[in-house]
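Enquirer: For reference, the sequence and a predicted model appear below.
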Amino acid sequence: MSKKTIFDKIWDNHLVYNIPDGPDALYIDRHYIHEVTSPQAFGGLKERGINVFRPDKTVATADHNVPTINQHLPIQEELSRVQVEKLVQNCKEHNITLYGLNHPYNGIVHVIGPELGITHPGMTIVCGDSHTSTHGAFGSIAFGIGTSEVEMVLASQCIMQPRPRTMLINIDGNLSRGVTAKDIILYIISQISTGGATGYFVEYSGEAIRSLSMEARMTICNMSIEMGARGGLIAPDDVTFEYLRQRRFAPSGEEWDRSIKTWSGLASDTDATFDKEIRFDAGQIEPMITWGTNPGMGIPVTGNIPGEDETGHNSVGSYRKALDYMGFKPGEAMAGKKVDYVFVGSCTNGRIEDLRNFARFVKGKRKARDIIAWIVPGSRQVEKQAEEEGIRSMLEEAGFEMRQPGCSACLAMNEDKIPEGKYAVSTSNRNFEGRQGPGARTLLASPLTAAAAAVTGVITDPRTLL
Amino acid sequence: MPIEKFRTLISTCVPLPVENVDTDQIIPARFLKATTRDGFGANLFRDWRYDHAGRPRKEFVLNDNRYNGEVLVAGKNFGSGSSREHAAWAIKDYGFRVVVSSFFADIFRNNALNNGLLPVQVTAGFLSLLFDRIHENAEVRVMVDLEQQKISLMDEKAGEQFEISSYKKKCLLNGYDDIDFLLSMKDRIVEWEQNQML
């Protein structure tokens, strides 16, 4: 018997055809689409004169380019409106299920797939969005694709894909108080760099990973792409099954029992070998924050910006460019720096647990006067649950307001843009130049660290306020 | 649908010695609202190329008229970040046929190849030599020969082999795309689906 990783098992199960010295034709179980990266793919089908091959395997939502206020009104910005309307039209024409704006299931694609129980262990899942790796948290092969590849899947339910190598990242030990999944992944990226896993598909394992909730696991897998990985997954276990049980589109009855049996077998064989293995100790990880312009430029929130002689994975040139853009100096402490905006949301940290953590933290405190805060739920369902649990009122009592769901300021395609030169502590996934608006300065952190900044107005170690 | 064929290219180069050029720099998200593939070149490197008033930033290489050509030469880890194929479309639409770097992000590499834009991965040493030569003389030309998988500086011996899968090479040489291939495999895909039902 061969010794296989979970990745190998799922990949081999979906291999339709292998081209020697070329990519594999891989069958795709779930295809998520959204308004921004799909219109040209549908346009391609039209030019070829073909239809969608398996419309029941694609699910659509509008998320990237939607406003987060007044969603009941027509979208004001014309290009955005046309793009969202195009999605509606394409889905209608090709019989694709769409959870569009104002649908009770609408939301960020990587939030709704899991919460509706559409994402299952053992699946191959793709979407024209690099954070598709989120779904790997269920023990699936999930990765982001370009629009030509979206067209491939629409046309054939398959994708041509070179087989990546495998990497195991093991996090032993227990997390300290105030340290969350976001801190784990920012820590990993800071250690191995933004290109450290390029060419690999990662499996996360170890005691610290096992102890995480499903939503926290999604945060970890979500940012796999930020170290260059094709995707990241976690072996399914009881936490996974409990999360999926009775979700809207999860299997039920006998099918559920059968599924559990199959899913339970999804683990890497004990003697399976990975192309690369890395170990970290959870006890070493502190609340993290980024100081620069890529997600690998992260340090403990209590730390100081590295000096020119300790730029690590970054060349001196990119180190200087980053500091110049951020308006920071070598060696400065991060704690105490003034913050202008706080953004809580995105496919990384826009789930109910994230809102809960933020709300519990700010309960009994007040938003700092000069802070502008955007709290954006990841989906309609998250928004509804936040109402039901009293999170909205907790936020409002502390001086915060909750907006409507969407990708929002994570990529600033809509009106939610951080102004030039302003500092934003964001729970999203990218701190690239201009990512949150031209000239915006992003500091990536966990919802707890965002909450600490929101109530103090400066970068603050959340542990001092717990 | 046929993609533009690629065989051999001889061109001057545009140097961008910046590492980790991410797709948000190549084409910022606010320019992703189009529903066709055309016209993204106008906003290629938008925020490096123009200031907030839309005036060209003189110091940026695309605004430096010494440098022209169909080969973009960039620092390592080019194309990291989002999966937006618009990044590849913008580079191609601007007029580049080749991007040279010492390291490419995976999704960008696939997107480029699917659009007839050739990513040429070279060693750090050769990249640094290229930057030096281009900066010494903006007229210096490189030859990219896909058949031979070779990139070389014209008028001197320096050159390197580069990797590309034989499948993708065939696609580019002949202008085939993956979708044509998958459509030709339909029977096999249906058969695979039926086997899963058993």
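Expert: Received, thanks. Since we're looking at a predicted model, the values are computed, not measured.
Enquirer: Who are the contact partners of the residue of the stretch 1-150 of chain A found nearest chain B?
Expert: At 2.8 Å from chain B, residue A:22 is the closest residue in the stretch 1-150 of chain A, using CB to the nearest CB. No exception for glycine: its C-beta is placed from N, CA and C like everyone else's. Listed by CB atoms under 8 Å, 6 or more residues apart in numbering or on different chains, the contact partners of residue A:22 are A:160, A:162, B:165-168.
Enquirer: how about it, secondary structure?
Expert: For residue A:22, the assignment made with DSSP: H, G, I helix; E, B strand; the rest coil gives coil.
Enquirer: ok, for residue 88, nearest residue in space, not its chain neighbours?
Expert: Using chain A. residue A:100 (5.9 Å; CB to CB, 6 or more residues apart in numbering or on different chains).
Enquirer: ah, I was thinking of chain B
Expert: Of all residues not flanking residue B:88 in the chain, residue B:111 sits nearest, at 4.2 Å (CB to CB, 6+ apart).
Enquirer: any idea which element the one you found lies in?
Expert: Using DSSP states H and E, residue B:111 sits in helix B:106-113.
Enquirer: What segments of chain B are strands?
Expert: Here chain B has its strands, by DSSP state E, at B:8-16, B:71-74, B:98-101, B:118-121, B:141-145, B:150-153, B:159-161.
Enquirer: Those strands into TSV, with extra columns for mean pLDDT and mean neighbour count?
Expert: Listed next are those as TSV, based on pLDDT from 0 to 100; neighbours: other CB atoms under 10 Å in any protein chain shown:
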stretch	mean pLDDT	mean neighbour count
strand B:8-16	98	19
strand B:71-74	98	25
strand B:98-101	98	25
strand B:118-121	98	22
strand B:141-145	98	19
strand B:150-153	98	20
strand B:159-161	97	15
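Enquirer: Which neighbouring residues are in contact with whatever residue of chain B ends up closest to chain A, exactly?
Expert: Closest to chain A within chain B is residue B:167: 2.8 Å, counting by CB to the nearest CB. Counting by CB under 8 Å, 6+ apart, residue B:167 touches A:19, A:21-23.
Enquirer: Residue A:217 is in what secondary structure piece?
Expert: Assigned by DSSP H and E, residue A:217 belongs to helix A:214-222.
Enquirer: And for that helix, what's in contact with it?
Expert: Taking CB under 8 Å, 6+ apart as the rule, helix A:214-222 contacts A:110, A:114, A:131, A:133-138, A:142, A:180-182, A:184-185, A:204, A:209, A:212, A:231-234, A:239-240, A:243, A:347-349, A:351-354, A:429.
Enquirer: partners of the residue most central in space within chain B in the sheet?
Expert: Closest to where the C-alpha atoms of chain B average out (CA atoms, centre = their mean) is residue B:99, at 4.0 Å. Applying DSSP bridges to residue B:99 yields these beta-bridge partners: residue B:72, residue B:119.
Enquirer: What segments of chain B are helices?
Expert: B:23-26, B:46-49, B:86-94, B:106-113, B:124-136, B:166-174, B:178-184, B:186-197 (DSSP state H).
Enquirer: rewinding a little: quick check: of the contacts of residue B:167, which has the highest neighbour count?
Expert: The member of the contacts of residue B:167 that has the most neighbours, counting by other CB atoms under 10 Å in any protein chain shown, is residue A:23 with 20 neighbours.
Enquirer: Residue B:133: what's it in contact with?
Expert: Taking CB under 8 Å, 6+ apart, we find residue B:133 in contact with B:140, B:153.
Enquirer: distance of it from residue B:142?
Expert: Distance, residue B:133 to residue B:142, by CB to CB, to the nearest Å: 9 Å.
Enquirer: sorry, back to before: out of the strands of chain B, nearest to residue A:58?
Expert: Residue A:58 lies closest, by CB to CB, to one member of the strands of chain B: strand B:118-121, at 28.7 Å.
Enquirer: got a pLDDT number for the closest residue to residue B:108 other than its chain neighbours?
Expert: Leaving aside its sequence neighbours, residue B:108 sits nearest to residue B:79 (CB to CB, 6+ apart; 2.6 Å). At residue B:79, the pLDDT value in this model is 97.
Enquirer: burial of residue B:79, as a residue count?
Expert: Residue B:79 has 29 nearby residues by other CB under 10 Å.
Enquirer: Would you confirm that it contacts residue B:113?
Expert: No: Residue B:79 is beyond contact range of residue B:113, at 11.7 Å (criterion: CB atoms under 8 Å).
Enquirer: in stretch A:299-307, what's buried?
Expert: Within stretch A:299-307, the residues scored as buried using 16 or more other CB atoms under 10 Å in any protein chain shown are A:299-302, A:305-306.
Enquirer: elements contacting the one helix or strand residue A:150 maps to?
Expert: Per DSSP H and E, residue A:150 falls inside helix A:147-156. Applying 3 or more CB pairs under 8 Å, 6 or more residues apart in numbering or on different chains; DSSP states H and E, one finds that helix A:147-156 contacts strand A:30-34, helix A:39-48, strand A:124-127, strand A:158-161, helix B:106-113, helix B:178-184.
Enquirer: okay, that helix in PDB with CA atoms only?
Expert: Coordinates of each C-alpha in helix A:147-156 appear next as PDB, following Å, rounded to 0.1, in the frame of the first residue of the first chain:
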ATOM      1  CA  THR A 147     -11.000  33.400 -15.000                       C
ATOM      2  CA  SER A 148      -9.800  31.200 -17.800                       C
ATOM      3  CA  GLU A 149      -9.900  28.400 -15.300                       C
ATOM      4  CA  VAL A 150     -13.400  29.400 -14.200                       C
ATOM      5  CA  GLU A 151     -14.400  29.000 -17.800                       C
ATOM      6  CA  MET A 152     -12.700  25.600 -17.900                       C
ATOM      7  CA  VAL A 153     -14.900  24.400 -14.900                       C
ATOM      8  CA  LEU A 154     -18.000  25.900 -16.400                       C
ATOM      9  CA  ALA A 155     -17.300  24.200 -19.700                       C
ATOM     10  CA  SER A 156     -16.100  20.800 -18.500                       C
END
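Enquirer: Can you give the contact residues for that helix?
Expert: For helix A:147-156, the external contacting residues (CB under 8 Å, 6+ apart) are A:28, A:31, A:33, A:37-38, A:40-42, A:44-45, A:48, A:50, A:52-53, A:58, A:94, A:126, A:128, A:145, A:158-160, B:37, B:85-86, B:110-111, B:114-115, B:177-179, B:182-183, B:185-186, B:189.
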